[in-house]
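Asks: give me the fold of what follows.
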Amino acid sequence: MPGSILESATTEVAPAPAETAELSQRAPGVLSRLVRSPGGIVGLALVLVVVLTALFAELIAPGDPFDTSAGPALSPPSRGHVMGTDNLGRDLFTGVVHGARTSMIVVFWVVTISVVIGLAAGTLSGFLGGVADDVIMRIAELFQVVPRFFLALLMISFFGPGLDRLTLLLGLTSWPFLARVVRGETISLKSRDFVEGARAIGASRLHIVGRHIVPNLLPAVVVVVALFASRIILIEAGLSFLGLGDPTRISWGSLANSAQQFLRLAWWMAVFPGLGIVVAVLGLNLLADALNDAMRRTH
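Replies: Numbering: from 1, shown residues only. As a prediction, the model looks like this:
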C-alpha cells in the first residue's frame, strides 16, 4: 500500500485552524474525486446494485429459492422466469438474488472479523516493535501458509457444513495481509512529529494509538478491505461450488455447481450466477482502485 495515502496526516498535536479545515474537508475531497472517476462511478454503482439486491432480496424476488415447483425444469428465460429455471424447476432469478444476500452476509462478517484482528495485530506489531512484532508476524505467517480449502475440509468433517463456520474460517484466515499493511503504516506514523509531540506532553500509549495512530490508518484499511472483499466472494463461491458451503442457503457457487452437467442444454444456469460473481468482484476492484487513487491525490 503506498505510503502516500497517509502523507498529509496531521503534523501537530493541536493543529492550526487552516490544518483543521483541511482535515475536515478530506473526506468530501475523496468522495468528490471518487465520483469524478469513471472507474469509481462504475465500481460504486455495481457495488450498490449488489448490496441493495442483498438487502431487499425478499422484495425483489419474494419466492423461495429452493422451490422446485416454480416452473418446468430447464425452462429458458421468459416473461415468467426472466433467468429461466434450473434442472429441478427452481426459478433462477430468485436463486441469483438470494445468492447475492448469501455472499454479502459472508463478506460483511468476514470483513468485520478480519478488520478487528488485523487492525489490532498490525497496530500492536508496528507500534510496540521488538519481540511483540516478531511474535505477531510469525503468527500471521502461520495463518497465511495453511491452505483455506484444507481447513474448510477439516472443519466440515468435524462440525458439518454451515455458513457460520465458513464465515468464521474465512475471517480467521483473512487478516494477515491487512495486519502487514497496518504494521507498515504504523511504523511510518509512530515516527511522525505529531506522535512525538503527543509523547512529549505525556500522552499514554493507549491515547497515542487511539487518538493519533488508528484514525490515520483508516484510509489504508478501507482500500485493503475493498480489495480483499472481492477475494472473499470468490473464495465463498469456490467453496460452495465444491459443495463445502451451507446447504440450507442458496449461493452463486452452488448454482454454478448445479449447472455443470447442463452447460449445453441450459446455458442460463451457468451464465447468470457467473454474472452475479463478475458484477460483485468487478465492482469491488474498480471501487478499491478508485478509492486508492482518490486518497493519494487528496493527500
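
Asks: so which bits of the helix ranked longest in the chain are buried?
Replies: Ranked by residue count under DSSP state H, the longest helix found in the chain is helix 92-128. Neighbour-count burial for helix 92-128 flags 92-107, 109-111, 113-115, 117-128 (criterion: 16 or more other C-beta atoms under 10 Å). Every C-beta, even on glycine, is put in place using the N, C-alpha and C of the backbone.

Asks: worst-scoring helix or strand of the chain, pLDDT-wise?
Replies: None of the helices or strands of the chain scores lower by mean pLDDT, DSSP states H and E than helix 17-24, at a mean of 35.

Asks: residue 104 touches residue 52, doesn't it?
Replies: No: using C-beta atoms under 8 Å, residue 104 is not in contact with residue 52; the gap is 10.0 Å.

Asks: buried residues, whichever strand or helix holds residue 281. List them.
Replies: Residue 281 belongs to helix 268-298 when assigned by DSSP states H and E. Using 16+ other C-beta under 10 Å as the test for burial, helix 268-298 gives 268-274, 276-277, 279-281, 283-296, 298.

Asks: ok, back up a step: got the angle for the longest helix of the chain vs helix 268-298?
Replies: Counting by axes from the mean of the first three to the mean of the last three C-alpha atoms, to 10 degrees, helix 92-128 points 30 degrees away from the direction of helix 268-298.

Asks: what mean pLDDT does helix 92-128 have?
Replies: For helix 92-128, mean pLDDT rounds to 94.

Asks: same question, stretch 282-294
Replies: Rounded mean pLDDT across stretch 282-294 is 86.

Asks: distance between that stretch and the chain's centre?
Replies: In terms of C-alpha atoms, centre = their mean, to the nearest Å, the centre of stretch 282-294 is found 12 Å from the chain centre.

Asks: stretch 223-236 too?
Replies: So, by C-alpha atoms, centre = their mean, the centroid of stretch 223-236 is 4 Å from its chain's centroid.

Asks: same thing with stretch 64-84?
Replies: Using C-alpha atoms, centre = their mean, the offset of stretch 64-84 from its chain centre is 31 Å.

Asks: so which elements touch the longest helix of the chain?
Replies: Helix 92-128 sits against helix 38-55, helix 57-60, helix 130-145, helix 163-173, helix 175-189, helix 214-241, helix 252-258, helix 268-298, with contacts defined as 3 or more C-beta pairs under 8 Å, 6 or more residues apart in numbering; DSSP states H and E.

Asks: JSON lines for those, including distance to residue 71?
Replies: Output for the helices and strands packed on helix 92-128, formatted as JSON lines (distance: least, C-beta to C-beta, whole Å):
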{"stretch": "helix 38-55", "distance to residue 71": "21"}
{"stretch": "helix 57-60", "distance to residue 71": "18"}
{"stretch": "helix 130-145", "distance to residue 71": "45"}
{"stretch": "helix 163-173", "distance to residue 71": "27"}
{"stretch": "helix 175-189", "distance to residue 71": "43"}
{"stretch": "helix 214-241", "distance to residue 71": "23"}
{"stretch": "helix 252-258", "distance to residue 71": "15"}
{"stretch": "helix 268-298", "distance to residue 71": "13"}
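
Asks: quick one: closest of the ones you listed to residue 68.
Replies: Residue 68 sits nearest to helix 252-258 of all the helices and strands packed on helix 92-128, at 12.0 Å, using C-beta to C-beta.
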